[in-house]
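>>> dropping a prediction and its sequence here:
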Amino acid sequence: MANVDTAVPPGEDPAPFHEAVSDPRRRDFINIAAVAWAGVGGAVIVLPLVNQMSPSADVLAQSTTELDLSKIAPGQAIKTTFRKQPLFVRNLTQKEMDEADLVDVGTLRDPQTLEQRTKAGHKNWLITLGVCTHLGCIPLGAAEGENRGQYGGYFCPCHGSQYDTAARIRKGPAPKNLEVPPYNFTSDTTVTVG
Amino acid sequence: MIRWISALVGLAFVFVVSLGLFSSIVGVITDPAPPTAEHFVHEEHPLLDAGLPSSGLLGKFDLRQVQRGFQVYKEVCAACHSLRHVAFRDLKEIGYDEGQVKAIAAAWVVEQPSVNPETGEPATRKNTPADHFPLVYANDVAARAANNNAVPPDLSLMTKARHDGPDYIYSLVGHGYVPQPKELLAKFPDAATPKGLHYNQYFANLNIAMPPPLTSAGQVEYLDGTKPTVDQMAKDVAAFLTWTAEPNLDARHGAGLAVLGFLLIFCFLAWGAYQNVWRDLKH
Amino acid sequence: MSFPWAKHYEPKYALTKWVDERLPLPRFVYSAVGGGYPVPRNLNYFWNFGVLAGAALACQIVTGIVLAMHFAANGAIAFDSVEHIMRDVNAGWFLRYAHANGASMFFIVVYTHIARGLYYGSYKAPREMVWLLGVVIFLLMMATAFMGYVLPWGQMSFWGAQVITGFFSAIPIVGETIRVWLLGGFAPDDAALNRFFSLHYLLPFVIAAVIVLHIWALHIPGSSNPTGVEVKGEQDTVPFHPYYTAKDGLGVAVFFLVFAALIFFAPNYLGHPDNYIPANPLSTPAHIVPEWYFLPFYAILKSFTVDFILPAKLWGVLAMFGSILLMFFLPWLDSSPVRSAKYRPTYRIFFWILILDVFALGYVGGAEPIARNVIIGQIAAAYYFAHFLIIVPMVSRMERPRPLPNSITEAVLAKHGAHPVPAE
């Protein structure tokens, strides 16, 4: 309880505050606690501000695609979309499957067999994202008459990545095979992707 | 100088507004505005309290009631009223599981507009959980044509788009359709309900285009054994529409309590720090 | 800065010294809101509201930037995009309610800040420039808030845009041309919505810039205080930090408590239900009202009902704009050398009448235009103009102020001497 005479002369920093950093007096604990509490609040409020940029509920809800395979003849491919990305669905011919199986997996940049990239009993259905694993261009080869590259699969015109009939990377800068999204056969001719 | 000018400007404004005041007072004396039938009825019949568990500062949805309300909406209201801001997937929040939502969407009578993959002609397809509830009418013209020149409004936000929305819905559909009182007609001969409209004592202008939607007990058969009286159905559909307008209400109230608790502690700490910093200084 | 005893920034570490020599930003901050800004020791809680207004603007800018990531400024989908934010965007309902109620908090705080200025005579020399810049900020805020309210494209948004741009059509001869130019069409539509969105994003940063000038101008003479007596010496002041940072910290804590209560428990209390109905150019709401913070001005607009030389509509628009613009002249209308209403017994009475008057105008602005309300509004509008343009200049000449204390410190000590309470 200070009286007029003993009050710290206003205008000068009261001594306690100078030492608050190195030697917190017991009563200054409350200052540190208040600032720390505000800091926690500030950190928590950042969460919604950051998280609002994540995909919203409607975007997440549209993350499955139903496909009807009945109209795709052997040797043909279609381009559709999955999560707003191009999706290649190819009905492989026997010759293409054989070509893919002949490759020595050990020599591949991203070693995978055709079996690993398709579903059991549906080895002819090669379903991959149409997104080059290099920098995201759409490779050619899904549509009729497009350049399928020297391995007979897909060819990315942006930077020259070449994919084989199992859509595995064989040549060019791409690091990985074309990605196989999660999917299930709901019947012999219908597939749910996602 | 500036004070003289300002005084003149001030006098001008005061004088002109006083002219208006004078004419207002004269108007009150010579030509008082007649009371209107709406005012009269609304004063006599204030909105009834639906007593929903979601009302109040800490309200929380009763999900079973909301589900019953959804059933009323589906079997009664959905014939004319859309719910375009709500998606089928949202129904998971009121307690339906994935499979039920899928089934509800697939069985929904109105289908989603789509394109025939063969011909490119407009077509429709079954709803999926990702779809919003489809519009009942393609556009307002179609809605008017089918409903005696009135557009049934979308119900997604109805409880937020009216004062005391949940009570309004409950009162309007549950207890609003009464015979037009004789005394009212005696007092306001012009207030007779025009042909094709329906007297409803809670509707803004007393005459609503919508025929009574809930007409008899048992109109909807509840699965949980609740007795489907008109009052109950009105309450339940009000609960459902409260949810459609404010689906995050539960989350909001829950988060709000945590935030207020946090901030109360912060206020306490900030008060302590303030006292501490100023302790040696008179001010 | 302004007082010789203000402390100077002394960097402690090699790094801070290095920065200070090349970009003296820390020095600038230290002198502006740190230990280097001496502030009167006797400020009361009403002096918190400047900082709170800054906090409110910061909240609005932050929530506004993230909302703009999801909002679509197109008449066909604007309403739906707001509902998309409310329902599907992560924490979207929180951000949107925070932004909508943040506007209300901003105005509550700023109105209190203005009332503080009026009561304690903060607008008087040598702080006229602080006041003038404050009025500029207020005008910018009103423009920003109006355009922001249009964006959700509900019924009140649409008809608000229609009515407010309609003000300009009151201008003789060129009015209608100006209105069409503002809207980019004959009625509010995509063109108007898009430009309002653009300006709504721009103006808050202009406000922030004017706030910098506002604070700069404040720092030349230093803060005023409840006695209105200027600082005489070092014993009258304390450093802003830690004294007023601590006090403002408490203010900010209470501010956020109230703000959170609104967001989480009454997010639509201050809004209007009609704005949850999508804009419909063919149907006017039964009862158009602006947001609550515009109601007093709206009441003034509505109070002018009689043609007199000029048409009533033009009088209403002139009066409405005039009711704000007259603030620019206030420092010269009030010639009393005494600042604080504490020592101005007559002015103080009229000040409180003005506060009641503004509340009455606010009530009338939102109420239905029945005869009783129109009459109340007209009396209140007459007083509003009489107060600023006639009463204040007269009172400032005729009033006999109470004796002023010799210094801030004397006033503080007298307060404690008269009521022996322990020092805090």
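Received it, and whenever you're ready, just let me know what you need.
>>> would you confirm that C:L52 contacts C:G251?
Yes - C:L52 sits in contact with C:G251 when judged by C-beta atoms under 8 Å, with a separation of 5.7 Å. C-beta coordinates here come from the backbone N, C-alpha and C atoms, glycine included.
>>> and the longest helix along chain A, what's buried?
Longest helix in chain A by number of residues, with DSSP state H as the criterion: helix A:29-51. Buried residues in helix A:29-51, counted by 16 or more other C-beta atoms under 10 Å in any protein chain shown: A:I30, A:N31, A:A33, A:A34, A:W37, A:A38, A:G41, A:P48.
>>> ok, and does that helix reach over to chain B?
Yes - applying C-beta under 8 Å from any C-beta of the partner chain, one finds helix A:29-51 touching chain B at A:I30, A:N31, A:A33, A:A34, A:V35, A:W37, A:A38, A:G41.
>>> beyond that helix, next helix or strand please.
helix A:57-61 (DSSP states H and E).
>>> buried residues of stretch B:185-197, list them for me.
B:F188, B:A191, B:L197.
>>> and it, end to end?
16 Å (C-alpha to C-alpha, to the nearest Å).
>>> distance from the longest helix of chain A to the middle of the chain?
In this view, helix A:29-51 has its centroid 31 Å away from the chain centroid, taken as C-alpha atoms, centre = their mean, to the nearest Å.
>>> next one: stretch B:265-272
39 Å.
>>> and the contacts of that stretch?
By C-beta atoms under 8 Å, 6 or more residues apart in numbering or on different chains, the surrounding residues in contact with stretch B:265-272 are A:30, A:33-34, A:37-38, A:41, C:246, C:249-250, C:252-254, C:256-257.
>>> so which of the buried residues of helix A:29-51 are also by chain C?
A:N31, A:A34, A:A38, A:P48.
>>> quick one, helices of chain A?
A:15-18, A:29-51, A:57-61, A:94-102, A:114-117.
>>> what's the answer for chain B, then?
Under DSSP H, chain B gives helices at B:2-30, B:37-44, B:63-75, B:98-107, B:140-146, B:165-175, B:182-187, B:230-245, B:249-277.
>>> quick one: the most centrally placed residue in chain B from B:Q201, how far?
In chain B, the C-alpha nearest the mean C-alpha coordinate belongs to B:T159, at 1.9 Å (C-alpha atoms, centre = their mean). Taking C-beta to C-beta, to the nearest Å as the measure, B:T159 falls 19 Å from B:Q201.
>>> I'd like the average pLDDT over the longest helix anywhere in chain C.
Using DSSP H to define each element, chain C has its longest helix at helix C:190-219. Mean pLDDT, computed over helix C:190-219, is 97.
>>> which helices and strands does it pack with?
Other helices and strands packing on helix C:190-219, by 3 or more C-beta pairs under 8 Å, 6 or more residues apart in numbering or on different chains; DSSP states H and E, are helix C:25-33, helix C:49-68, helix C:128-150, helix C:155-168, helix C:175-183.
>>> buried sites along that helix?
Applying 16+ other C-beta under 10 Å to helix C:190-219 flags C:192-193, C:196-197, C:200-201, C:203-204, C:207, C:210-211, C:214-215, C:217-219 as buried.
>>> export the longest helix of chain A as CSV, just CAs?
Provided in CSV are the C-alpha atoms of helix A:29-51 (Å, rounded to 0.1, in the frame of the first residue of the first chain):
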residue,chain,number,x,y,z
PHE,A,29,3.9,-14.3,-12.6
ILE,A,30,0.4,-13.0,-13.4
ASN,A,31,1.8,-10.8,-16.3
ILE,A,32,3.5,-13.8,-17.8
ALA,A,33,0.5,-16.0,-17.4
ALA,A,34,-1.8,-13.4,-19.1
VAL,A,35,0.6,-13.0,-22.1
ALA,A,36,1.0,-16.8,-22.3
TRP,A,37,-2.7,-17.4,-22.2
ALA,A,38,-3.2,-14.8,-25.0
GLY,A,39,-0.5,-16.6,-26.9
VAL,A,40,-2.4,-19.9,-26.6
GLY,A,41,-5.6,-18.3,-27.7
GLY,A,42,-3.8,-16.7,-30.7
ALA,A,43,-2.4,-20.1,-31.7
VAL,A,44,-5.8,-21.8,-31.4
ILE,A,45,-7.5,-19.2,-33.5
VAL,A,46,-5.1,-19.9,-36.3
LEU,A,47,-6.4,-23.4,-36.7
PRO,A,48,-9.8,-22.5,-38.3
LEU,A,49,-8.1,-19.8,-40.4
VAL,A,50,-5.7,-22.4,-41.8
ASN,A,51,-8.2,-25.3,-41.9
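>>> the nearest residue to C:A55 once chain neighbours are set aside: neighbouring residues, count only.
Closest residue in space to C:A55, ignoring its immediate chain neighbours: C:V252 at 5.6 Å, by C-beta to C-beta, 6 or more residues apart in numbering or on different chains. When neighbours are counted by other C-beta atoms under 10 Å in any protein chain shown, C:V252 registers 21.
>>> same question, B:E44
B:E44: 11 neighbours (other C-beta under 10 Å).
>>> C:I309 too?
Neighbour tally, C:I309, other C-beta under 10 Å: 8.
>>> same deal with the one 5 residues further on?
For C:L314, the tally of surrounding residues (other C-beta under 10 Å) stands at 18.
>>> please apply the same query to A:S161.
24.
>>> now do the contacts for it.
Counted by C-beta under 8 Å, 6+ apart, A:S161 has contacts A:C132, A:T133, A:H134, A:P139, A:F155, A:I169, A:K171, A:G172, A:P173, A:A174.
>>> which of those tops the neighbour count?
A:P139 (29 neighbours).
>>> can you map out the helices along the stretch 301-424 of chain C?
C:312-325, C:330-333, C:345-366, C:371-386, C:392-398, C:408-418 (DSSP state H, counting those that start in this stretch).
>>> nearest to C:A103, out of those helices?
For C:A103, the closest of these is helix C:345-366, at 16.1 Å, according to C-beta to C-beta.
>>> how close does the closest residue to chain A within the stretch 101-250 of chain C sit to chain B?
Going by C-beta to the nearest C-beta, chain A is nearest to C:E234 of the stretch 101-250 of chain C, at 3.9 Å. Distance of C:E234 to chain B, given as C-beta to the nearest C-beta, to the nearest Å: 13 Å.
>>> quick check, C:N373 in contact with C:G366.
No - under the criterion of C-beta under 8 Å, C:N373 makes no contact with C:G366, lying 9.5 Å away.
>>> related to what we said a few turns ago, most neighbours per residue, which of the helices of chain B?
helix B:230-245 (a mean of 26; mean count of other C-beta atoms under 10 Å in any protein chain shown).
>>> do any residues in that one lie close to chain C?
Yes - legend: contact between helix B:230-245 and chain C by C-beta under 8 Å from any C-beta is shown at B:A245.
>>> make sure C:I370 is actually in contact with B:P35.
No - when contacts are counted by C-beta under 8 Å, C:I370 is not listed as touching B:P35 (10.1 Å).
>>> how much space between C:A68 and C:N194?
For C:A68, the distance to C:N194 - C-beta to C-beta - is 13 Å.
>>> about what we covered before: turn the helices of the stretch 301-424 of chain C into CSV, columns for mean pLDDT and distance to B:E118.
Listed next are the helices of the stretch 301-424 of chain C as CSV, based on pLDDT from 0 to 100; distance: least, C-beta to C-beta, whole Å:
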stretch, mean pLDDT, distance to B:E118
helix C:312-325, 95, 61
helix C:330-333, 96, 75
helix C:345-366, 97, 58
helix C:371-386, 95, 65
helix C:392-398, 94, 80
helix C:408-418, 85, 87
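>>> for chain A, find the nearest of these.
Here helix C:408-418 is closest among the helices of the stretch 301-424 of chain C (C-beta to the nearest C-beta), at 6.3 Å.
>>> who touches that closest one?
Against helix C:408-418 from outside (C-beta under 8 Å, 6+ apart): A:4, A:10, B:282-283, C:40-42, C:225, C:227, C:229, C:231-233, C:235-236, C:405, C:423.
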